[in-house]
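Colleague: Here is my input; please provide its structure:
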Amino acid sequence: MKIGAIQEPSFENRVSITPDIVDALQKLGFTVSVETKAGERAYFSDADYEKVGAKVASRNQILSDSDLVISIHPIDADTAKQIGNGKIYIGTLSPLAQPQKIKELAASNTKIFSMDTIPRITRAQSMDVLSSQATVSGYKAVLLAASNYSRFFPMLTTAAGTITPARALILGAGVAGLQAIATARRLGAVVDVFDTRPEVKEQCMSLGAKFVEVEGAADASQSGGYAVEQTEDYKNRQKDAIAKYAEKADIIITTALIPGKKAPVLITKAMVDSMRQGSVIVDLAAVNGGNCEYTQNDKTIVQGGVTIIGNSNLPSTQPMDASKMYAKNILNFLKLFVNKEKQFSINMQDEIIDACLIADAGAVRHKPTLALLG
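Modeller: Residues are numbered from 1 along each chain as shown. As a prediction, the model looks like this:
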């Protein structure tokens, strides 16, 4: 079976297949093609791919010759038609954020799999692109905050006096939040963390953070690691608690997302206005409206001396490792389709495959997306 990886749009530096997994794919029975210069922005040359046995080809060749096409960002409807009837396309498509686009892609009669619909179960951890890329986002968010912050992160004792450590407030202790905690602590910051799920308290404390508790949160145990809608009473108590910590925070990293919905506003304009000048907010929920009222997606603004960074694609700024992690997720996902005899088949009895096949035979089959389409 022929696999082809296509080049990402100009704003994206990552690539969906990296040279280090080509050998593993070949051992599964696949032949691998990569679009010319597809890996260049992630520092993988065409020669790197050819050296491990992959073929470097034009985009049109890959779309017409491959049985299975892979990317990170969604393709357009015309590209889907080029792939053709009954063939397979795999990407990270955010179906709940763009249901109409999924409907347009489905019309191509291509079998469409979306990696961000993989269920968050133990067996699927090695395929979870949201977690692997959130690791990159959480790490880079703190580095971005540090580079824009007006002071040092760690406590320093110098001949000129003692410099107190920065105080960081992390909102959300999912994968991105936990990585942000660990990175901020490594840089020497004092870290407070807030999450609606009390079960993550121990993880946060083990990383050296103080956990801020607000009782009465809705149960999020079945949400796959995401935030869930809360009652108005809880939101008011949550707002008061966050306000107290935001006022004394130098760095705020926000990570709270609810799939298919606008991100909850956790940092109000009043909270930002109460922060001291030179502070920094990095909003990882910017793509869904942001957790901060001032956030503008893919923009950095300064409000009252506070720098607010809305960046929805931080993994692209660490393209080599982010690409390797994504490619390894793809490799582990493709293993589900290959038996011991290296025969490829789509087993719809497998809950992971069933959850990820969002369109087939010209129609959308992903139930949450269908609900949004009416």
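Colleague: and residue 326, what is it in contact with?
Modeller: Contacts for residue 326 (Cβ atoms under 8 Å, 6 or more residues apart in numbering) come out as 14, 16, 72, 129, 132, 133. For the C-beta atoms, the positions are set from N, CA and C on the backbone; glycine is no exception.
Colleague: In which helix or strand does it reside?
Modeller: Using DSSP states H and E, residue 326 maps to helix 319-334.
Colleague: taking the mean pLDDT, what do you get for that helix?
Modeller: Mean pLDDT, computed over helix 319-334, is 98.
Colleague: gap between that helix and the chain center?
Modeller: 13 Å (Cα atoms, centre = their mean, to the nearest Å).
Colleague: after it, next one along is what?
Modeller: Using DSSP H and E, the helix or strand that follows helix 319-334 towards the C-terminus is helix 351-356.
Colleague: Now do the buried residues in that next one.
Modeller: For helix 351-356, a neighbour-count test (16 or more other Cβ atoms under 10 Å) marks 352, 353, 355, 356 as buried.
Colleague: Repeat that for stretch 36-50.
Modeller: Across stretch 36-50, burial judged by 16+ other Cβ under 10 Å covers 38, 39, 41, 42, 44, 46, 48, 49.
Colleague: residue boundaries of the strands in the stretch 101-250 of the chain?
Modeller: 111-114, 156-158, 161-163, 167-171, 190-194, 210-212 (DSSP state E, counting those that start in this stretch).
Colleague: Which secondary structure state is assigned to residue 75?
Modeller: Secondary structure, DSSP: H, G, I helix; E, B strand; the rest coil: residue 75 is coil.
Colleague: how is the chain carved up into domains?
Modeller: 2-127+319-373, 134-317 (automatic domain parsing).
Colleague: just to revisit the earlier point, now flag whichever of the buried residues of helix 351-356 is closest to residue 322.
Modeller: For the buried residues of helix 351-356, the residue nearest residue 322 by Cβ to Cβ is residue 356; the value is 20.4 Å.
Colleague: what sits against the residue nearest to the closest one when sequence neighbours are not counted?
Modeller: Excluding its sequence neighbours, the residue lying closest to residue 356 (Cβ to Cβ, 6 or more residues apart in numbering) is residue 113, at 4.6 Å. For residue 113, the contact set (Cβ under 8 Å, 6+ apart) comprises 88, 89, 90, 91, 333, 356, 357, 358.
Colleague: Residue 335 versus residue 113, what's the distance?
Modeller: From residue 113 across to residue 335, the span is 14 Å (Cβ to Cβ, to the nearest Å).
Colleague: And for residue 313?
Modeller: Per Cβ to Cβ, residue 313 is found 28 Å from residue 335.
Colleague: Compare the two (neighbour count), which wins?
Modeller: Just comparing residue 313 and residue 335: by other Cβ atoms under 10 Å the higher neighbour count belongs to residue 313, 18 against 13.
Colleague: That one against residue 13, yeah?
Modeller: No - counting by Cβ atoms under 8 Å, residue 13 is not a contact partner of residue 313; they are 9.1 Å apart.
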